[in-house]
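[1] Okay, predicted coordinates and the sequence, questions at the end:
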Amino acid sequence: MLVNDWKEFLIPYEQAVEELKIKFKSMRKQYRSKKEYSPIEFVTGRVKEISSILEKAKA
């Protein structure tokens, strides 16, 4: 698979990660606005780099 194919293949995963980050941040905001304990301290997320995926696949 070529690098451009990989980039295209990973687009839906990148979109899913962004959507999840938005949802979790919204949930955290709702807890805080109600002055309730938020089990969500911070939100991060990413899709692994192509090189990292390929390296793990070799192992």
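    Ah, there it is. Numbers count the residues shown, from 1 in each chain.

[2] Which other helices and strands does the lowest-mean-pLDDT helix or strand in the chain contact?
    Taking mean pLDDT, DSSP states H and E as the measure, helix 50-58 is the helix or strand of the chain with the lowest mean score, a mean of 87. Using 3 or more C-beta pairs under 8 Å, 6 or more residues apart in numbering; DSSP states H and E, the elements in contact with helix 50-58 are helix 3-33. From N, CA and C alone the C-beta is placed, and that goes for glycine too.

[3] Buried residues of the helix it packs on, list them for me.
    10, 28 (16 or more other C-beta atoms under 10 Å).

[4] Low-confidence stretches in this structure?
    1 (pLDDT under 70).

[5] In terms of helix, strand or coil, where does the residue of it most remote from its centre fall?
    Of all residues in the chain, Lys35 sits farthest from the chain's C-alpha centroid, using C-alpha atoms, centre = their mean; the distance is 26.7 Å. Put simply, Lys35 is coil when judged by DSSP: H, G, I helix; E, B strand; the rest coil.

[6] Thr44 versus that one, what's the distance?
    To Thr44, Lys35 is 25 Å away according to C-beta to C-beta, to the nearest Å.

[7] Identify the residues contacting the residue farthest from the centre of the chain.
    By C-beta atoms under 8 Å, 6 or more residues apart in numbering, the contact set of Lys35 is empty.

[8] That's all I had, so thanks and see you.
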